[in-house]
Every structure is written in C-alpha cells, then in structure tokens.
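J.: structure, please.
(one chain, ligands or ions: 1)
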Amino acid sequence: MTNETIDLTNCDRELIHIPSLIQPHGILLVLQDPTLEILQVSSNTQELIGRQPEELLGKPLSDLLDAKQIKLIQQCIAEDFESVNPLNLSIKHQNKSIYFDGIVHRLDNIIILELEPKKAKDKTGFFDFYKQVKGTITRIQKAPTLVEMCQIVVTEIRRITGFDRVMVYRFDPEGAGSVIAEDTNQETPFLGLRYPASDIPKQARQLYTLNWLRLIPDASYQPVALIPANNPLTNQPLDLSLSVLRSVSQIHLEYLQNMGVTASMSISLMHDQKFWGLIACHHSSPKYVLYNTRTMCEFIGQVMSVELANKEASEDIDYKRQLKSLQTVFVESLSQAEYFLDGMVQLKSQLLNLVSATGVVICSGDQCIQVGKTPSEAEVHALLNWIKPHLHHNLFETRSLTKNYPAAESFKAIASGLLALEISKVHHNYLLWFRPEVIQTVNWGGNPNKPVEVLSDGSLRMSPRKSFDLWQETVQGSALPWKPCEVEAVIELRSLVVGVVLRQADKLASMNF
Ligand code: BLA
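T.: Below you'll find the model as predicted:
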C-alpha cells in the first residue's frame with residue numbers, strides 16, 4: 001500500500017464541480033443564449049412543476065414562463081447577473097401559480113437558470129433588507145476585538161436563520177482550523193475544537209472562494225440527474241461551479257451524517273484575497289433557507305471580511321505601541337554605535353523584548369555572543385550553517401524547529417521557536433532569537449488521522465471519521481508562534497542596523513588603508 005495509491009484517490013482529486021447531479025430542492029435549466037431554448041433540464045420537473053423533462057427539451061423557455069417574465073430574464077442576461085438575483089418567477093400548473101426564486105448565471109455561451117420554490121410571491125424590497133442588516137453591520141463595526149466581532153456574527157446569523165448551531169471556523173497557516181465563536185442550542189459545544197485541513201479539500205476551498213455561500217438543506221437527499229447527462233453544446237459534463245443546486249460530494253454527505261448534521265450552510269470569509277475561514281451553520285433536521293435570507297447572510301460575511309483587516313490591525317495595540325517605542329531606543333543607540341557587535345550587546349535586553357524571546361545570539365564574523373537561554377556555541381554555529389540556504393528575504397521563522405531541523409531535538413526545551421535575521425551576508429552578521437518549547441494540548445473534533453478504506457474495486461480512499469468526539473493530542477516541540485508585528489519589528493530593525501554595518505565596514509577599510 002504505497003502513499004502514491006492513496007494519493008490517486010485522495011479527496012483533492014474528486015471533480016466536485018461536475019457531478020452531473022443536483023440537489024432536489026430546485027430545478028435546473030440550461031438555456032441557449034440568446035434564444036432561451038431549453039438544452040438540458042434536471043429530471044425532477046414532474047415533481048415540482050408537473051411537466052416531464054423530455055417534453056421541455058428543445059422547447060423555448062416561453063413554454064414555461066409568460067412573456068413578461070421572459071422579457072425580465074432577457075434584460076438580466078444583458079446586465080450584471082449577481083445584482084438581479086433572485087428573480088420573482090411563477091409557473092402555472094393546473095390553474096395554480098407556483099412561485100420560485102430564479103437564480104441565473106452565465107457559463108460561456110449558455111445560461112443556467114435555477115428555480116427554487118417558495119410559498120408565495122416575495123414582496124420584500126431593498127428597505128426591508130436594509131432594516132434587517134443595518135443594526136448587525138453597526139454592531140460588527142463597533143466590536144472592539146476580532147473575537148467579539150465573531151461572536152456578534154454568529155449570534156446575528158443564528159437569529160436571522162434559526163440554525164441550531166452557528167460557528168466561526170478560522171483556518172490556521174497549516175490549513176487546519178478551529179472554532180473561535182459559537183452560538184448554539186445544542187448541548188455539546190464545538191467552541192475551541194480543531195479540525196484537520198483534509199476536512200475541506202483544496203478544490204472545495206477553491207469553489208468556496210468563487211461562491212461565498214453554500215446551502216445543503218437535507219444531507220440525506222436523493223440526487224437528481226440532468227437530462228441529457230452532458231452539456232449538448234460541449235458534450236462534456238456541465239460545469240456547476242457557480243450553481244446553487246450543485247450536488248454535494250458523497251464523502252462530505254457522509255461526514256455530515258457522521259456528525260449528526262442534516263442541514264448545513266457555510267459562508268466564506270476572505271481576508272487579503274485569501275480564504276480566512278467560514279461561518280458554518282448546522283441543523284439537526286432538514287432546513288431550507290430562502291435565497292433572500294441567504295443573500296443577507298452572505299452580505300454579513302462580506303462586511304465581516306472587510307472588517308477583519310481593521311480588527312487585526314487593532315489587535316495587540318498596546319504591544320505594538322511598546323514595540324514602536326523600543327524601536328526609538330534602537331534608532332538612538334545605533335546612530336552612535338560604531339561596531340555592530342558592540343551596538344547590539346549594549347541593547348541585549350531590548351533585543352529580547354523586541355520579539356518576546358528568551359534567548360538571542362548576536363553573530364558577527366566568527367564571533368557569536370549568547371544572551372539568555374540559547375543552544376551552545378557549537379550548536380549555534382551548526383544551526384547557522386543550516387539556516388543560511390533556508391533564508392527567505394533575509395528571514396527564517398519557525399515555531400517548531402525540530403520539524404525542519406531534527407538536530408534541534410537536543411535543545412528543543414529552550415529553542416523550539418526560532419526567528420533568524422541576516423543583516424549582512426558579506427560581513428557575516430546575524431541575529432537569532434529563540435523561544436522555549438510550550439507543551440500544548442490540542443482538542444480535535446475527532447481523531448484527525450483519516451481512516452483509509454478499501455473500496456470494492458480494490459482502490460483506496462480516505463473516508464470521513466465516524467466519531468467527532470473530543471480527541472486530545474499533546475503537541476511537543478512547539479513554541480508560541482511569532483506574531484506578525486514581531487516579525488515586522490525585526491524587519492524594521494534590519495534597516496536600522498544595516499547603517500551601522502556599513503559604517504563599521506568603512507572604518508575597517510580606512511584602517512587597513
Ligand atoms: C466540504 N467540509 C466541507 C464544508 C465544510 C466542511 C464546512 C463545506 C460544505 C458545508 O457547508 O457543509 C468541514 N464543517 C466542516 C468542519 C466543521 C464543519 C471542519 O462544521 C467544523 C465545525 N471531508 C472529509 C474527507 C474528505 C472530505 C476525508 O472528512 C475527502 C476525502 C471532503 N468536504 C469534503 C468535500 C467537500 C467538503 C469534497 C465539498 C462538498 C461540496 O461542496 O460538494
């Protein structure tokens with residue numbers, strides 16, 4: 001059983017954007033642009049509008065919708081789709097009108113129209129929407145910290161939608177994630193639990209950055225096929241990346257069932273154009289959420305995404321101020337220093353404080369001065385030789401050195417965290433900061449090591465875990481992470497110190513002369 005075989009069937013490879021199936025809570029129609037002839041249709045039309053799919057194929061859309069509605073769709077096609085969705089549509093069946101939210105998008109030279117049934121014609125307008133979200137937006141903006149903002153968001157989304165559980169799920173740099181805010185009526189909290197990166201594979205993350213909201217009203221649904229199965233213009237499976245009804249990966253449905261979740265909705269959170277996390281909603285019974293309500297939730301997610309930058313900037317504000325005043329000390333002292341090593345040694349306690357380190361080594365030429373708790377001189381020399389090819393923009397940063405540099409095992413207790421700065425390669429000037437190991441307990445929502453299943457054809461697949469009960473892991477060899485503001489302070493220090501190094505080089509050159 002090689003890793004390669006598992007790789008071939010792993011979660012990242014599933015083509016989830018072309019399942020050729022939809023969820024059954026709506027109808028999907030593929031229309032020729034601009035004639036609006038029906039090219040492909042989902043096979044559930046009999047159940048929802050009393051028409052056989054075969055009898056609709058090849059017909060103009062006017063066979064289903066009246067002239068006024070057709071005109072509306074034609075106008076939409078000429079406009080920006082996102083702003084017109086949803087369309088208020090109705091189809092006559094046995095002298096009764098069936099009302100739908102029509103959600104339309106373009107895919108190359110075809111139009112995809114999805115119809116989600118609703119009880120009655122929707123009369124809510126912009127002002128109703130505005131009234132509903134206005135207070136929420138103000139509260140989000142006023143929240144003093146990131147965590148408080150997340151708490152407001154989960155409470156508001158739960159109030160608007162009525163889900164059993166609403167969470168903010170934040171990704172960490174490894175792609176795993178933790179629940180950092182929760183509002184629920186369920187007994188067992190998920191707050192603080194961590195989930196591995198493979199719970200949301202790469203291609204799913206990609207789709208969630210295109211589509212900010214995803215609704216699965218009933219995870220135990222029977223998928224609905226498209227007729228014909230392929231897009232007749234391309235003879236390829238229809239790309240459902242932007243479809244709201246796209247059928248969900250079987251593995252994820254199993255995952256939800258194992259978790260005891262019947263309905264799920266998630267809203268993407270983006271920060272600096274990166275996928276930052278999700279607002280994840282669960283319900284223990286089937287739950288449909290109207291398109292307008294979904295738009296409101298999506299809008300809250302977008303406002304929260306914008307606010308993430310502001311909240312992150314105001315995090316650690318006092319600490320950032322402290323770092324700035326330390327920098328002033330460096331500017332004053334270094335402007336007088338003639339030699340790099342002397343200048344730095346005089347500032348040794350400030351050097352430690354600048355990044356909250358417990359040890360620092362100042363290297364110049366073949367001399368190294370150790371301050372606080374650091375590895376031995378010989379260990380520092382060996383480490384420095386290893387670091388040099390691993391520097392990126394003069395920096396190397398890790399919170400678990402043994403992962404990259406196994407020789408660190410012997411000194412991990414005092415130096416699991418390393419922040420290394422190259423000041424001058426030519427003059428061999430380096431600063432190395434260390435942080436001790438902090439043994440941590442990680443609370444996983446179930447064992448994160450996925451079981452591998454052998455399928456009937458002999459192939460292997462990773463399967464979702466069966467139990468989501470608390471699974472504790474003791475993590476060794478890790479220090480507290482370096483904060484972005486600390487890394488920034490070190491980068492700024494470099495530009496100050498480079499001046500001293502140049503002065504020193506000039507002085508030495510003139511002495512030699
Ligand atoms: C999708 N996985 C998802 C989604 C979430 C999670 C939120 C988005 C769809 C949705 O809203 O339900 C994961 N949900 C979580 C996590 C929490 C939560 C971490 O509530 C924590 C509280 N999943 C697996 C394995 C595979 C896998 C082993 O466990 C693959 C082999 C796949 N997850 C998977 C796939 C999707 C997914 C393929 C995309 C589903 C789709 O959109 O079709």
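J.: I'd like to know how many residues surround the closest residue to residue 119 other than its chain neighbours.
T.: Excluding the flanking residues, the one nearest residue 119 by CB to CB, 6 or more residues apart in numbering is residue 99, at 7.0 Å. Bear in mind the C-beta positions are built from the backbone N, C-alpha and C, glycine included. Residue 99 has 16 neighbours, counted by other CB atoms under 10 Å.
J.: now name the helix or strand holding residue 99.
T.: Residue 99 belongs to strand 96-107 when assigned by DSSP states H and E.
J.: next one: residue 28
T.: strand 27-32.
J.: chain center to that strand, what's the gap?
T.: 31 Å (CA atoms, centre = their mean, to the nearest Å).
J.: quick one: that strand to strand 96-107, angle?
T.: Orientation of strand 27-32 against strand 96-107 (axes from the mean of the first three to the mean of the last three CA atoms, to 10 degrees) gives an angle of 50 degrees.
J.: what lies in contact with stretch 85-99?
T.: Residues outside stretch 85-99 that contact it (CB atoms under 8 Å, 6 or more residues apart in numbering): 48-51, 64-65, 69, 72-73, 76, 100-105, 115-122, 291-292, 295.
J.: any idea how far residue 465 is from residue 454?
T.: 17 Å (CB to CB, to the nearest Å).
J.: okay, these two: which has more neighbours?
T.: Taking neighbours as other CB under 10 Å, residue 454 and residue 465 compare with residue 465 leading, 23 against 10.
J.: would you confirm that residue 351 contacts residue 360?
T.: Yes - Residue 351 is within contact range of residue 360, at 4.9 Å (criterion: CB atoms under 8 Å).
J.: what does the protein have sitting close to the ligand?
T.: Where the chain comes near the ligand, counting by CB under 6 Å from any ligand atom, the residues are 11, 14, 16, 167, 169, 179, 190, 195, 198-201, 204, 214, 216, 248-249, 251-252, 255, 264, 266, 278, 280, 450, 462-464.
J.: those in strands, which ones?
T.: 167, 169, 179, 195, 214, 216, 264, 266, 278, 280, 462 (DSSP state E).
J.: sketch out the low-pLDDT regions of the protein for me.
T.: 1-9, 80-82, 121-122, 512-513 (pLDDT under 70).
J.: repeat the analysis, applying 50 as the threshold.
T.: Within the chain, the segments meeting pLDDT under 50 span 1-6, 8.
J.: burial count for the nearest residue to residue 364 once chain neighbours are set aside?
T.: In this structure, residue 364 finds its nearest non-sequential neighbour in residue 341, 4.3 Å apart by CB to CB, 6+ apart. Using other CB under 10 Å, residue 341 has 18 other residues around it.
J.: ok, now residue 298?
T.: Per other CB under 10 Å, the neighbour tally for residue 298 reads 16.
J.: quick check, it in a helix?
T.: Yes - secondary structure of residue 298 (DSSP: H, G, I helix; E, B strand; the rest coil): part of a helix.
J.: closest residue of the protein to the ligand?
T.: residue 11 (2.8 Å; CB to the nearest ligand atom).
J.: wait, that residue sits on residue 251?
T.: Yes - Residue 11 is within contact range of residue 251, at 6.7 Å (criterion: CB under 8 Å).
J.: surely residue 216 meets residue 248?
T.: Yes - look at residue 216 against residue 248 with CB under 8 Å: they come within range, at 5.5 Å.
J.: what do those two both touch?
T.: residue 23.
J.: in its sheet, what does the strand holding residue 99 sit against?
T.: Using DSSP bridges, the strands paired with strand 96-107 are strand 87-93 (antiparallel), strand 110-118 (antiparallel).
J.: name the stretch among those that sits most buried.
T.: Most buried of those by mean neighbour count (mean count of other CB atoms under 10 Å) is strand 110-118; its value is a mean of 22.
J.: give me the contacts around it.
T.: 25-33, 36, 39, 48, 61, 73, 77, 86, 89, 91, 98-106, 231, 233, 238, 242-245, 290-291.
J.: give me the buried entries from those.
T.: Using 16 or more other CB atoms under 10 Å as the burial test, the contacts of strand 110-118 include 25-32, 36, 39, 48, 61, 73, 77, 86, 89, 91, 98-105, 231, 238, 242-245, 290-291 as buried.
J.: quick one: secondary structure of residue 312?
T.: Going by three-state DSSP, the secondary structure assigned to residue 312 is helix.
J.: not counting sequence-adjacent ones, nearest residue to it?
T.: Counting by CB to CB, 6+ apart, the residue nearest residue 312 is residue 146, at 6.5 Å.
J.: what does residue 150 give?
T.: Nearest non-adjacent residue to residue 150 (CB to CB, 6+ apart): residue 181, at 3.6 Å.
J.: how much space separates residue 213 from residue 166?
T.: When residue 213 is compared with residue 166 (using CB to CB), they lie 13 Å apart.
J.: show me what the residue nearest to residue 150 is bridged to.
T.: residue 168.
J.: burial of it, as a residue count?
T.: 21.
J.: hmm, residue 154 and it touching each other?
T.: Yes - using CB under 8 Å, residue 181 is in contact with residue 154, at 4.9 Å.
J.: now do the shared contacts for these two.
T.: Joint contacts of residue 181 and residue 154 (CB under 8 Å, 6+ apart) are 167, 168.
J.: more crowded one of residue 11 and residue 251?
T.: residue 11 (21 against 15).
J.: show me what residue 395 bridges to in the sheet.
T.: residue 392, residue 421.
J.: helix, strand or coil for residue 410?
T.: At residue 410 the chain is in helix, as set by three-state DSSP.
J.: what about it, how many residues nearby?
T.: By the criterion of other CB under 10 Å, residue 410 has 12 neighbours.
J.: please apply the same query to residue 332.
T.: Residue 332, neighbours per other CB under 10 Å, totals 9.
J.: ok, it - contacts?
T.: Counting by CB under 8 Å, 6+ apart, residue 332 has no contacts.
J.: show me where the stretch 301-450 of the chain has helices.
T.: 317-336, 340-346, 348-354, 377-387, 401-404 (DSSP state H, counting those that start in this stretch).
J.: for the ones you listed, which one ends up most surrounded?
T.: It is helix 340-346: most buried of those by mean count of other CB under 10 Å, with a mean of 20.
J.: restrict it to CA atoms and write it as CSV.
T.: Extracted in CSV, the C-alpha atoms of helix 340-346 (Å, rounded to 0.1, in the frame of the first residue of the first chain):
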residue,chain,number,x,y,z
PHE,A,340,27.7,46.0,15.0
LEU,A,341,28.6,43.6,17.8
ASP,A,342,29.1,46.3,20.4
GLY,A,343,26.0,48.2,19.5
MET,A,344,23.9,45.0,19.7
VAL,A,345,25.4,43.8,23.0
GLN,A,346,24.5,47.1,24.7
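J.: more crowded one of residue 213 and residue 166?
T.: More crowded of residue 213 and residue 166, by other CB under 10 Å: residue 166, with 27 against 19.
J.: hmm, that one is touching residue 279, no?
T.: Yes - using CB under 8 Å, residue 166 makes contact with residue 279 at a distance of 6.7 Å.
J.: okay, and the common contacts of these two?
T.: With CB under 8 Å, 6+ apart as the test, residue 166 and residue 279 both reach 154, 157.
J.: returning to what we had before: most neighbours among the ones in strands among the residues of the chain next to the ligand, which one?
T.: Most neighbours among those, by other CB under 10 Å: residue 167, with 29 neighbours.
J.: against residue 475, how distant is it?
T.: Distance of residue 167 to residue 475, given as CB to CB: 23 Å.
J.: got it, and residue 355?
T.: Applying CB to CB to residue 355 and residue 475 gives a distance of 22 Å.
J.: which one's the longest helix in this protein?
T.: Assignment by DSSP state H gives helix 484-512 as the longest helix of the chain.
J.: output the contacting helices and strands for that one.
T.: helix 317-336, helix 340-346, helix 348-354, strand 395-398, strand 417-424, strand 429-435 (3 or more CB pairs under 8 Å, 6 or more residues apart in numbering; DSSP states H and E).
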